[in-house]
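In: pasting a predicted model and its sequence here:
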Amino acid sequence: MMKNDTTALRKLPSVDEVMRSPAGADAIDRFGRTAVVGAVRAVLGETRAARMALSPDQTIADALSRLEMSAQPNLRPVFNLTGTVLHTNLGRALIAEEAIEAAVTAMRSAVALEFDLESGKRGERDDHLRGLLCELTGAEDATVVNNNASAVLIVLNTLALGRDAIVSRGELIEIGGAFRMPDIMARAGAKLVEVGTTNRTHPKDYAGAITDGTGLVLKVHTSNYRIDGFTKEVPARELAAIARARNVAMVNDLGSGTLADLTRFGLAHEPTVAEAIADGADLVTFSGDKLLGGPQAGFIVGRRDLLAQINKNPMKRALRVDKMRLAILEATLKLYRDPDRLVQRLPTLRLLVRPAKDIEALGRRILAPVSSALGSSYAAEVVACASQIGSGALPVETIASAGLAIRPKAGRHEGHALAALTAALRTLPVPIIGRIEEQALLLDLRCLEDESAFLASLSKLDLAGAKDARA
Ligand SMILES: *Cc1c(COP(=O)(O)O)cnc(C)c1O
């Protein structure tokens, strides 16, 4: 035993020896001396612990593959073939090229972020978007914060700190990731006053709850569920009138919201921000990276006097957005001035309106190369399927789409084989993420635009693991 150990130890090179080799010099060139020394030490340490031998060449090769692995970005691009266009866990909206360029310019350069070029005096961060947002929504005033959760938080904290916030029991939503309306209210310092029942809320429920201690009446878009059957809700316009009669602010949290009338593009109707303003809301809150198709952000638009109060809230500073996001938002919002070309320019909309027959044609084009990459253990076919918008817009409606359904060929461990396949697809240079449906892996092709990049990534598929799992 002892004897073997010392023999093995003698077969380990020194760190210096490895670093002086030609491959070591190349590695230092690429990753820097500190990182290479660290990786070489780690390789030698593990080899010693395993009582194995290693040549200098093997050591540097091992160290290099570790360095290459950790040099890969953690935030990896993936193919979103889940069928959910605005997938929160996959980063929601893709940004328009015009907006990407605007962000790059803003990143490279100093910008007049809070500097008025006309007067040479201090300017306001909100000035860059205020005009655009008012133009697109019909609101008097507007501001932007970190995301819509922040928008709701600061609105509640400004208008209902220590006061009542009235909301229907049918609208006490939970959005994924711990955004629960009652919890946000508590953190904002507002007292939640629930009115109505889960399925039915009447005008008199709201009217009866308004007192001198009411800070606001809140309407919340039920983004990710729908209550069907014996139901009643008070329309925004009616609720605004009830609140106005009692001199209380009515806030409409639209969640996704949209700046464009989606029916114009053949999609189902989702309330627009302009409609919510026209219906009399004093404030409307909505997201930047849902249907709007921009970066993460939250907008608050509405009455000037209320926005002045919000802007004075110290939370505003904690929730503000940086120059990059402002640049992306400005360029994205400007695209809405030309609705005729919005579909071509705004990726979110382009993907949402892609006709099922085009997607099906894409499926037929790639079926053969995909089948051959999958090998003989799996069978793929083109199928009709249903996409959804995601991120809490039109939760119940789906959009006709097409995709590839992949099933393991006859075998008893179909579940294992599918799990092995999805795992192998996640290890690709650009991982492919689909969804499991009817014992098949379904790749909804709605969001696949770069066919050749997809096939190039898929060609690296190694199903060795999948075969193991089937055994
Ligand atoms: C999505 C959503 C939010 C949260 O918006 P984020 O931009 O994700 O912070 C709040 N309210 C409603 C109704 C939503 O749909």
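Out: Nice, thanks for sending it over. Numbers count the residues shown, from 1 in each chain.

In: make it CA atoms for all contacts and neighbour counts henceforth
Out: Fine.

In: can you pull the residues of the stretch 301-450 of the chain lying near the ligand?
Out: Counting by C-alpha under 6 Å from any ligand atom, the stretch 301-450 of the chain comes close to the ligand at 391, 392.

In: quick one: the helices in the stretch 301-450 of the chain, in order.
Out: For the stretch 301-450 of the chain, the helices defined by DSSP state H, counting those that start in this stretch cover 304-312, 315-318, 323-335, 342-345, 347-352, 356-374, 414-426.

In: could I get the ones you listed in TSV, plus columns for mean neighbour count and mean pLDDT?
Out: Compiled in TSV, the helices of the stretch 301-450 of the chain are given as follows (neighbours: other C-alpha atoms under 10 Å; pLDDT from 0 to 100):
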stretch	mean neighbour count	mean pLDDT
helix 304-312	15	98
helix 315-318	14	97
helix 323-335	21	98
helix 342-345	18	96
helix 347-352	21	97
helix 356-374	17	97
helix 414-426	19	91
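
In: any chance of the ones you listed in JSON lines, plus distance to residue 224?
Out: Below are the helices of the stretch 301-450 of the chain laid out as JSON lines (distance: least, C-alpha to C-alpha, whole Å):
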{"stretch": "helix 304-312", "distance to residue 224": "28"}
{"stretch": "helix 315-318", "distance to residue 224": "28"}
{"stretch": "helix 323-335", "distance to residue 224": "25"}
{"stretch": "helix 342-345", "distance to residue 224": "25"}
{"stretch": "helix 347-352", "distance to residue 224": "18"}
{"stretch": "helix 356-374", "distance to residue 224": "24"}
{"stretch": "helix 414-426", "distance to residue 224": "26"}
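
In: of all of this protein, which residue lies closest to the ligand?
Out: Of all residues in the chain, the one sitting closest to the ligand is residue 255 (3.3 Å; C-alpha to the nearest ligand atom).

In: pLDDT score for that residue?
Out: As predicted, residue 255 sits at a pLDDT of 93.

In: just give the nearest non-adjacent residue to it, would you?
Out: Counting by C-alpha to C-alpha, 6 or more residues apart in numbering, residue 286 is the residue found nearest to residue 255 once chain neighbours are left out, at 4.8 Å.

In: what's the burial count for the one you found?
Out: Residue 286 has 29 neighbours, counted by other C-alpha atoms under 10 Å.

In: rewinding a little: for the residue of the chain closest to the ligand, phi and psi?
Out: phi 70, psi -110 (degrees, to the nearest 10).

In: ok, now which ones touch it?
Out: Residue 255 sits next to 148, 220, 221, 223, 285, 286, 287, 392, 393 when contact means C-alpha atoms under 8 Å, 6 or more residues apart in numbering.

In: could you list which residues are in contact with the closest residue to the third one other than its chain neighbours?
Out: With sequence-adjacent residues excluded and distances taken as C-alpha to C-alpha, 6+ apart, residue 221 is closest to residue 254, at 5.0 Å. Contacts were defined as C-alpha under 8 Å, 6+ apart; by that measure residue 254 touches 220, 221, 271, 273, 284, 285, 286.

In: let's see which of those residues end up in strands.
Out: 220, 284, 285, 286 (DSSP state E).

In: for those, could you give me TSV that also reports pLDDT and distance to the ligand?
Out: Listed next are the ones in strands among the contacts of residue 254 as TSV, based on pLDDT from 0 to 100; distance: C-alpha to the nearest ligand atom, whole Å:
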residue	pLDDT	distance to the ligand
220	95	5
284	98	11
285	98	8
286	97	7
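
In: gap between the residue nearest to residue 255 and residue 189?
Out: Distance, residue 286 to residue 189, using C-alpha to C-alpha, to the nearest Å: 21 Å.

In: what of residue 316?
Out: Between residue 316 and residue 189 the distance is 16 Å, computed by C-alpha to C-alpha.

In: likewise residue 332?
Out: To residue 189, residue 332 is 34 Å away according to C-alpha to C-alpha.

In: check residue 142 too.
Out: In this view, residue 142 and residue 189 are 23 Å apart by C-alpha to C-alpha.

In: okay, the two: which has more neighbours?
Out: Per other C-alpha under 10 Å, whichever of residue 142 and residue 189 has more neighbours is residue 142, with 25 against 19.

In: any buried residues in stretch 47-60, and which?
Out: Neighbour counts over stretch 47-60 (16 or more other C-alpha atoms under 10 Å) mark 47, 48, 52, 53, 54, 56, 59, 60 as buried.

In: chain neighbours aside, what residue packs nearest to residue 86?
Out: Distances taken as C-alpha to C-alpha, 6+ apart place residue 92 nearest to residue 86, at 4.3 Å, with adjacent residues excluded.

In: these two touch, right, the one you found and residue 85?
Out: Yes - between residue 92 and residue 85 there is a contact at 7.4 Å, judged by C-alpha atoms under 8 Å.

In: okay, the two: which has more neighbours?
Out: Applying other C-alpha under 10 Å to residue 92 and residue 85 shows that residue 85 carries more neighbours, namely 26 against 22.

In: before we move on, the earlier item: can you pick out the most distant pair from the contacts of residue 254?
Out: Comparing every pair within those by C-alpha to C-alpha identifies 220 and 273 as the most remote, at 13.2 Å.

In: look at those two and report which has more neighbours.
Out: When residue 220 and residue 273 are compared for neighbours, residue 273 comes out ahead with 28 against 20, by other C-alpha under 10 Å.

In: ok, the more buried one - contacts?
Out: Counting by C-alpha under 8 Å, 6+ apart, residue 273 has contacts 137, 254, 257, 258, 259, 284, 286.
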